[in-house]
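Asks: Generate coordinates for the sequence data below:
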Amino acid sequence: MPAPENESDLDADALFMGEAMKQALRAYQAGEVPVGAVIVRHGRVIARAFNQVELLKDATAHAEMLALTMAEDSLGDWRLNGCTLYVTKEPCPMCAGAIVHCRLDRVVFAAPDAKGGAAGSALNLLQFPTLNHRCEVTGGVRGQECGDLLRAFFAERRASKQTSSPSRIPAPDPDDSSESPYPEADQN
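Replies: Predicted structure coming up:
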């Protein structure tokens, strides 16, 4: 993964990652996995988004996917040449595929995802040699901060699952010949 060319690139990357982190905090406050994304063109943010999978009941509502759609709307084109995506967690394969198809110039991510990251950790779709486009990739920008937020979110989620077990209606015994506990199911 190439590093930014000079100190001002590092400063800009940290600044724009801060904007993505604000979006991640919005996701966290909404009970979503805290991932935020911004897309920048010519030094200006043209799209901002955060994970909304649970809010929208849509498995594809990742921060990156929502930001790509907003950027396309902003530019009036699906081609996002000249744009950089800043995202607080390494993109998954779905998002990486969309990023390649939109032809983003560059992707900057914070926290790596060893299990499912598609920007170099688990696999690298953003620079896959047979695809029609490849992105420049920079990883680890403000990675500790974003990784800490993700770890805190999942620790809280695990703790809440341990303290509150959902009440469950026992499943009927298929060998029980008595009346069904679900009378509406007996009506034909």
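Asks: what helices or strands is the lengthiest helix in the chain leaning on?
Replies: Longest helix in the chain, counting residues (DSSP state H): helix 7-29. For helix 7-29, the helices and strands in contact under the criterion 3 or more C-beta pairs under 8 Å, 6 or more residues apart in numbering; DSSP states H and E are strand 36-41, strand 44-50, helix 63-75, strand 83-89, strand 106-111, helix 143-163. For glycine as for every other residue, the C-beta is placed from the backbone atoms N, C-alpha and C.
Asks: between these, which one is nearest to residue 124?
Replies: Closest to residue 124 of the helices and strands packed on helix 7-29, according to C-beta to C-beta: strand 106-111, at 10.8 Å.
Asks: In that closest one, which residues are buried?
Replies: 106, 107, 108, 109, 110, 111 (16 or more other C-beta atoms under 10 Å).
Asks: The last one reaches residue 151, doesn't it?
Replies: This points to residue 111. No - between residue 111 and residue 151 there is no contact under C-beta atoms under 8 Å: 9.0 Å.
Asks: Please work out how many residues are found near residue 63.
Replies: 31 (other C-beta atoms under 10 Å).
Asks: How much space separates the nearest residue to it once chain neighbours are set aside from residue 89?
Replies: Closest residue to residue 63 apart from its sequence neighbours, by C-beta to C-beta, 6 or more residues apart in numbering: residue 37 at 4.0 Å. Separation of residue 37 from residue 89 (C-beta to C-beta, to the nearest Å): 9 Å.
Asks: likewise residue 132?
Replies: For residue 132 relative to residue 89 (C-beta to C-beta), the value is 25 Å.
Asks: How about residue 59?
Replies: Counting by C-beta to C-beta, the separation of residue 59 from residue 89 is 16 Å.
Asks: Would you mind telling me which of the two has the busier surroundings?
Replies: residue 89 (30 against 9).
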